[in-house]
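Asks: Next comes the sequence, and after it the predicted model I'd like to discuss.
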Amino acid sequence: MPLKEIADRRNLLHRHSDAQTVLRHALDDTEIAKIALVSSFGAESVVLLHMAAQIDTSVPVIFLDTEMLFPETLTYQRDLSEQLGLGDVRVITPSRDALLTMDVDGLLHQADTDACCDLRKTRPLEDALQGFDGWITGRKRYQGGQRAALPLFEKEARRIKINPLANWDRDDLQSYITAHNLPRHPLVAKGYPSIGCMPCTTRVGEHEDPRSGRWRNSEKTECGIHFENGAMVREGKAA
């Protein structure tokens, strides 16, 4: 069956389903087959990771270590993976050869943030997803931009992308975290409601949009790991 048809049928089937049902059915979906969950282990990541762990702790989880993340993120990733019992967390790093060729001094982000994200996120993720037929993201409609009409299931190039939390807002996320007594990323309490790479993430003021700390003072809002027809999406909010 064509991927677009699979996505359309799943959206119709799950138009009234809760996130846990969407996720459970996706992980068991024989037509989509092999699926990975991609997580930044960021400010809101614990919700989807906890849901997945309640269903199957062996689900492959792909974590992109750009080698420019906050130390707190790396510690959180290790601690949370252990606490949730996740048994197949794959820590993906950029290619050594590519770094030596394109960013040997680690300053590419100062000259070209898109090129840096491509080198440290987009390319490694595409390599990591080889062999998978679908992947699960934590994107949500409330994040705005291109995500305002985000479907639960969508065709992306040769894969199906699943967005179980598409309908959720911040209150839903906070309620889930509180109900399950889940650990928050330590930087959230320090004024970082959205967390990416250290050089490109700043604290957010009380009345600022939570995403304003990402690539501050630039037009960039997307890290580049989401694709449309094989091309990077440069609009909307980053993962």
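Replies: Structure received.
Asks: could I get the lengthiest helix in the chain in CSV with only the CA atoms?
Replies: Longest helix in the chain by number of residues (criterion: DSSP state H): helix 71-84. Taking C-alpha atoms only, helix 71-84 is exported to CSV below (Å, rounded to 0.1, in the frame of the first residue of the first chain):
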residue,chain,number,x,y,z
PRO,A,71,26.4,18.6,29.9
GLU,A,72,23.0,18.5,31.7
THR,A,73,21.4,17.0,28.6
LEU,A,74,23.9,14.2,28.4
THR,A,75,23.5,13.4,32.1
TYR,A,76,19.7,13.6,31.8
GLN,A,77,19.8,11.2,28.8
ARG,A,78,21.8,8.6,30.7
ASP,A,79,19.8,8.9,33.9
LEU,A,80,16.4,8.9,32.3
SER,A,81,17.1,6.0,30.0
GLU,A,82,18.2,4.0,33.0
GLN,A,83,15.2,5.1,35.1
LEU,A,84,12.7,4.2,32.4
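Asks: chain center to the helix or strand following that helix, what's the gap?
Replies: Heading C-terminal from helix 71-84, the first helix or strand you meet, by DSSP states H and E, is strand 89-92. A distance of 13 Å separates the centroid of the chain from that of strand 89-92, by CA atoms, centre = their mean, to the nearest Å.
Asks: Tell me which strands strand 89-92 pairs with, and in which orientation.
Replies: Take DSSP bridges as the rule and strand 89-92 pairs in its sheet with strand 61-64 (parallel).
Asks: buried stuff in the strand it pairs with?
Replies: 61, 62, 63, 64 (16 or more other CB atoms under 10 Å). All C-beta spots, glycine's among them, are computed from the backbone N, C-alpha and C.
Asks: Tell me the one of these nearest residue 133?
Replies: residue 62 (14.1 Å; CB to CB).
Asks: Spell out the residue ranges of the strands in this protein.
Replies: 35-38, 61-64, 89-92, 134-136, 153-156, 159-162, 227-228, 231-232 (DSSP state E).
Asks: and of those, who's closest to residue 4?
Replies: strand 153-156 (4.7 Å).
Asks: for that closest one, packing partners?
Replies: Applying 3 or more CB pairs under 8 Å, 6 or more residues apart in numbering; DSSP states H and E, one finds that strand 153-156 contacts helix 3-13, strand 159-162.
Asks: Quick one: list the elements packing against the longest one.
Replies: Think helix 3-13. By 3+ CB pairs under 8 Å, 6+ apart, helix 3-13 packs against helix 19-27, strand 153-156, strand 159-162.
Asks: can you give me the angle it makes with helix 19-27?
Replies: 150 degrees (axes from the mean of the first three to the mean of the last three CA atoms, to 10 degrees).
Asks: any idea of the mean pLDDT for helix 3-13?
Replies: Throughout helix 3-13, pLDDT has a mean value of 96.
Asks: So which bits of it are buried?
Replies: Result for helix 3-13 [16+ other CB under 10 Å]: buried residues 3, 6, 7, 10.
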